[in-house]
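> sequence first, then the predicted structure:
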Amino acid sequence: QVQLVESGGGSVQAGGSLTLSCTGYTPTMQCVAWFRQPPGKKREAVATYHTTAATTYYADSAKRRFTISQNNAHNLISLQMNSLKPDDTAMYYCAGANDGCYNLEDFYEYWGQGTQVTVSS
């Protein structure tokens, strides 16, 4: 049974950095993505990584601050987050899809349990 596991969340001050990791993805997943759900809001895509084409997508809020990448040696997808803002406070989820990359959660078959990121001002 596929199980995605996130790690690396925590509490930081504005301007700080965190790196989230997602392990457990399989070769059948064409896409691994990071979503987030701020308190009281809908879940939204942050970044996606196409594991075959090595292409990426970033939400506007993540551009120039976040980097999604694949670490084959450790079989993980990481999300490097810099210049964090209080608006980045959310539960962050790793998701996997077998057929392509999308920024809509309905296309993802596999989900982790989430890791909390809290950014204080």
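The structure has been received and is ready for your questions.
> what about Pro27, how many neighbours?
Applying other Cβ atoms under 10 Å, we find 8 residues neighbouring Pro27. (C-beta placed from N, C-alpha, C; glycine too.)
> tell me which element it is part of?
Under the assignment given by DSSP states H and E, Pro27 is not contained in any helix or strand.
> please report phi then psi for it.
phi -60, psi -20 (degrees, to the nearest 10).
> contacting residues for it?
Pro27 sits next to Thr51 when contact means Cβ atoms under 8 Å, 6 or more residues apart in numbering.
> let me know the pLDDT of the residue nearest to Thr23 when sequence neighbours are not counted.
Leaving out its chain neighbours, the residue that sits closest to Thr23 by Cβ to Cβ, 6 or more residues apart in numbering is Leu76, at 4.7 Å. Listed pLDDT for Leu76 reads 91.
> low pLDDT regions in the chain?
Within the chain, no stretch falls below the threshold (pLDDT under 70).
> centre-most residue in it?
Nearest to the mean C-alpha position of the chain, by Cα atoms, centre = their mean, lies Trp34 at 2.1 Å.
> thinking again about what came up before, I figured the residue nearest to Thr23 was touching Leu20, is that so?
No. Look at Leu76 against Leu20 with Cβ atoms under 8 Å: they stay out of range, at 9.8 Å.
> okay, the two: which has more neighbours?
Leu20 (25 against 21).
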